[in-house]
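A.B. asks: Sharing a model prediction with you, sequence too.
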Amino acid sequence: MIKPRRIGHATFETPDLLKMIDYYTNVMGLVLAERENDRAFLTTQVGLLAIQLNKGDVERCTTLSFEVAPDADFGAMAKELDADYGIKSELRNDSTPGMGAVLTFKDNKGTTIALFKEWSYLGKHLSHYGVGPLKLGHIAWVVDDPQATCEFYQKVLGFKVSDWIDDFFVFMRCNTDHHTVNFIRGQNIKMHHMAFELKDFIHLQNSCDLFGQRKIPIIWGPLRHGPGHNIATYHRNPDDQVIEFFCELDKMVDEQLGYFEPRPWHQDTPQRPKTWQAGKTNVWGPPPLPDFHRNRD
Ligand SMILES: [Fe+2]
């Protein structure tokens, strides 16, 4: 059984590497850990690799990495992928700083999944500008058939369903976090948004003040979501991708108990995975601006 334990980093192609490095270091508050001609590697202040940028013709997310158990057997995983699902995989070394060999294959929407088990921090107590998130939290995708993608991530990667909104938006977990991937139905298959975890609401407030200083519009929030109950804001980066900052995401601390760690803002007691009704998912906060919805067109 292939079982990701956490998301590692996301790899993007971008036409303007310098502009995106400037955004990730001066607004997002990541640290440029390594730089090559056509590639850049950005970490959080603890040295955790979060973003890889590759120069490319169009903006797009190409790859997501996930850490598997230290004793995971890549050979057995490759056989399982082929025998059970007809998925061809490749064991390779991408010369990603700090990272050993990766087992790569495509998911059902064409994103490369890179499984890794050997890695090291790319620094320690690093100085940063901008917001300075704790970690890359989750990536949401627009897909044509969220049921099919949900099934793929359940069967092939062992993800569990945390919540649905009607039948068009599913939130899936691979560890205690309410969601690490989510899939929403839409026209064009592409990343919907990418989310970074902040420490708390004060940290989120500081990020809003930074948006104010830099004249970066907040296109949704601050709000508290229903599914996941995270407090969140959304903005766009220079590649027009939607970026979320969040804190206080629900946690499934004990899978056997089957409910999310109780919190005062939950309406259900206990709060279990369920299907939410569209239009009634905000606990509090404003609706999104029209600009937020462009990603599903
Ligand atoms: Fe999100």
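C.D. replies: That came through, no problem. Computed from a predicted model, the values in this text were never measured in an experiment.
A.B. asks: Report the distance from stretch 99-118 to the chain centre.
C.D. replies: Relative to the centre of its chain, stretch 99-118 is centred 15 Å away, using CA atoms, centre = their mean, to the nearest Å.
A.B. asks: residues in this structure within reach of the ion, list them.
C.D. replies: Counting by CB under 5 Å from the ion, the chain comes close to the ion at 195, 244. (C-beta placed from N, C-alpha, C; glycine too.)
A.B. asks: just for the chain, where's the confidence low?
C.D. replies: For the chain, the stretches with pLDDT under 70 are 297.
A.B. asks: can you confirm residue 64 is in a strand?
C.D. replies: Yes: according to DSSP: H, G, I helix; E, B strand; the rest coil, residue 64 belongs to a strand.
A.B. asks: Relative to residue 174, how far out is it?
C.D. replies: Look at residue 64 and residue 174: by CB to CB, to the nearest Å, they are 11 Å apart.
A.B. asks: swap in residue 207?
C.D. replies: 26 Å.
A.B. asks: With residue 227 instead?
C.D. replies: Distance, residue 227 to residue 174, using CB to CB: 16 Å.
A.B. asks: With residue 136 instead?
C.D. replies: Residue 136 is 13 Å from residue 174, by CB to CB.
A.B. asks: Please identify every residue contacting each of these two.
C.D. replies: residue 7 (CB atoms under 8 Å, 6 or more residues apart in numbering).
A.B. asks: Those two: which has the busier surroundings?
C.D. replies: Neighbour count, other CB atoms under 10 Å: between residue 136 and residue 174, residue 136 has more, with 24 against 20.
A.B. asks: who are the neighbours in contact with the more buried one?
C.D. replies: Residues in contact with residue 136 (CB under 8 Å, 6+ apart) are 7-10, 50-51, 194-197.
A.B. asks: Is the closest residue to the ion within the stretch 51-200 of the chain in a helix, a strand, or coil?
C.D. replies: For the stretch 51-200 of the chain and the ion, the shortest gap (CB to the ion) falls at residue 195, measuring 4.2 Å. Assigned by three-state DSSP, the conformation of residue 195 is strand.
A.B. asks: That one is in contact with residue 134, isn't it?
C.D. replies: No: Residue 195 is beyond contact range of residue 134, at 11.4 Å (criterion: CB atoms under 8 Å).
A.B. asks: Just want to know which of those two has more residues nearby.
C.D. replies: Shown here are residue 195 and residue 134; by other CB under 10 Å, residue 195 has more neighbours (25 against 16).
A.B. asks: Count the residues that sit near the closest residue to residue 144 other than its chain neighbours.
C.D. replies: Nearest residue to residue 144, sequence neighbours excluded (CB to CB, 6 or more residues apart in numbering): residue 189, at 6.4 Å. Residue 189 has 15 neighbours, counted by other CB under 10 Å.
A.B. asks: Tell me who's in contact with residue 189.
C.D. replies: 109-110, 141-144 are the contacts of residue 189 under CB under 8 Å, 6+ apart.
A.B. asks: And the residues you listed, which two are furthest apart?
C.D. replies: Longest distance between any two of the contacts of residue 189 is 12.6 Å, between 110 and 142; criterion CB to CB.
A.B. asks: Between those two, point out the one with more neighbours.
C.D. replies: Neighbours were tallied for residue 110 and for residue 142 using other CB under 10 Å; the higher tally belongs to residue 142 (20 against 8).
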